[in-house]
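Chemist: task: produce atomic coordinates for the following.
(one chain, ligands or ions: 1)
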Amino acid sequence: MDKEIKSIKPKLRDYEPIIGKSSLEELKILADKLSGKTVQNINSTYIGGGVAEILSRMVPFLNELGIDARWSVIKGDTEFFNITKKFHNALHGRKEMFTEEEFEYFLEINRKNAEDLEFAEHIIFVHDPQPVALIKKRNEIGEKWIWRCHIDISNPDETVWNFIKNYVEKYDATVFSAPNFAKMLALKMFLIYPSIDPLSNKNRELTEEQINAVIEKYGIDKKKPIILQVSRFDYLKDPVGVIKAFEMVRRTMPCQLILAGGTATDDPESDKVLAEVQEIAKDNPDIHILLLPPDSDIEINALQRIATVVVQKSIKEGFGLTVTEALWKGKPVVASAVGGILLQVKNKLTGLLCHSIEGAAYAIRTLLTNPEYAKWLGKNGHSQVKQNFLITRHLKDYLLLFISQYYNDELIYL
Ligand code: UDP
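Modeler: Predicted structure coming up:
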């Protein structure tokens, strides 16, 4: 079931101009402490969403540093992913109804995956709630089990959280993306921000030809300001709210909206959301709904680079890598004041925060009418990402996390 992760260019040495030589040396010294250890990441999809995005870069880098890192994905059917999507919504605070059979089915699929998966010997790094019950295997396999929560579970539906918590508490450690996302647990808790890879196809510089090819491919008018939201088609990303905000802005100034995104194999709701959005937008030639196939990294990169304003009007958000990606490209961002967005967008310093559709429209209009201000925000945003949210910093945090599992409370001498 392991996916072969080809050693993708770029190599770590290519990051030296961005992060400096000593930071790279530090990664090598830390990785040596883990020599001979296996690290197995387990999540629920290879494609779609921030977790897959990060793992696709993190796993090759760990391998390059000499750690035997792997990535496995659990298998589930539509019924399983319907249940886990409801879990996801409920953990984000939405009211969902569950039957006993659904909890039982969730466990049955986890049990089946626990039997089928080939587990690594040392560190088992489980991402998010879908595979959380694999921990039942811990008496048989693995030295250290870590649960990495990518979502904001600060205000969850208690029934679902108590169910998940039963399993979480059996791990050696948990990792959250922000302190205010976490629930206090009686085990080691770590805080690690997510990240983007500045040299991936999603984020590296593009040539003018590459950008123009994308403009032509999607029939985008270069002359009209572009408002962009890149997101999976998910209610929690509020694509309908983005359209409403756009309509308000367009009443007073010409502009166009691009809603670009795909679906994720672990999200059965996305087709419904996409259909709804397509229906609302169908008679409006200024709204481009782009259904992107997986591996549209260059397309997304180009769209973010041509955007005048990037919006992320999420109702709930784990971290919001799309915001990080836009800021890295120096774009002015209008984003909801939720979840991990608050770690990235400092209002009126690295972007504008909004709390409503009207607020989003007001902020977009502000940026469209003040290009210098928009540029200044984007520049600050870029520095903020460089400082805090690049994959090399994330890699270091993960290495320290793994090392800390073996050294307990002793000091680690480099
Ligand atoms: N993304 C993508 N294709 C899509 C939609 C999103 O590659 O059709 C990427 C996006 O560029 C970002 C990640 O998926 O890197 C989304 O991460 P984020 O944290 O914003 O949201 P999530 O989907 O994890 O809730």
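
Chemist: where in the protein is pLDDT low?
Modeler: Along the chain, segments meeting pLDDT under 70 span 1-8, 408-414.

Chemist: enumerate the residues of it near the ligand.
Modeler: Residues of the chain lying close to the ligand (C-beta under 6 Å from any ligand atom) are 49-50, 53, 202, 230-232, 261-262, 292, 296, 300, 318-322, 325. Where you see a C-beta, it was placed from the backbone N, CA and C, and this is true even at glycine.

Chemist: hmm, which of those residues are the buried ones?
Modeler: Among the residues of the chain next to the ligand, the ones that count as buried by 16 or more other C-beta atoms under 10 Å are 49-50, 53, 202, 230-232, 261-262, 292, 296, 300, 318-322, 325.

Chemist: can you pull out the strands in the stretch 101-250 of the chain?
Modeler: 123-127, 144-148, 173-176, 188-191, 226-230 (DSSP state E, counting those that start in this stretch).

Chemist: what does the stretch 301-414 of the chain give?
Modeler: With DSSP E, counting those that start in this stretch as the criterion, the stretch 301-414 of the chain has strands spanning 309-312, 333-336, 352-354.

Chemist: ok, which of the ones you listed comes nearest Ala120?
Modeler: Proximity to Ala120, assessed across the strands of the stretch 301-414 of the chain by C-beta to C-beta, is greatest for strand 309-312 (35.0 Å).

Chemist: that closest one packs against which elements?
Modeler: Contact analysis of strand 309-312 by 3 or more C-beta pairs under 8 Å, 6 or more residues apart in numbering; DSSP states H and E lists strand 226-230, helix 321-328, strand 333-336, helix 357-369 as its packing neighbours.

Chemist: picking that back up, mean neighbour count for the strands of the stretch 301-414 of the chain - can I get that in a markdown table?
Modeler: Putting the strands of the stretch 301-414 of the chain into a markdown table (neighbours: other C-beta atoms under 10 Å) gives the following:
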| stretch | mean neighbour count |
| --- | --- |
| strand 309-312 | 29 |
| strand 333-336 | 28 |
| strand 352-354 | 23 |
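
Chemist: could you dump these to CSV with distance to Lys85?
Modeler: Shown next, in CSV, are these (distance: least, C-beta to C-beta, whole Å):
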stretch, distance to Lys85
strand 309-312, 20
strand 333-336, 21
strand 352-354, 26
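
Chemist: of all those, which lies closest to Phe98?
Modeler: The nearest among the strands of the stretch 301-414 of the chain, by C-beta to C-beta, is strand 333-336 at 27.3 Å.

Chemist: how far does the closest one sit from its chain's centre?
Modeler: The chain centroid and the centroid of strand 333-336 are separated by 16 Å under C-alpha atoms, centre = their mean, to the nearest Å.

Chemist: which helices and strands does it pack with?
Modeler: When contacts are defined as 3+ C-beta pairs under 8 Å, 6+ apart, strand 333-336 packs onto strand 309-312, helix 321-328, strand 352-354, helix 357-369, helix 371-388.

Chemist: mind redoing it with 6 Å?
Modeler: Judged by 3 or more C-beta pairs under 6 Å, 6 or more residues apart in numbering; DSSP states H and E, the packing partners of strand 333-336 are strand 309-312, helix 321-328, strand 352-354, helix 357-369.

Chemist: in space, what's closest to the most centrally placed residue in the chain - neighbours in sequence excluded?
Modeler: Closest residue to the average C-alpha location of the chain: Gly50 at 2.3 Å, with C-alpha atoms, centre = their mean. Setting aside the residues directly before and after it, Gly50 is nearest to Leu321 in space (C-beta to C-beta, 6 or more residues apart in numbering), at 4.4 Å.
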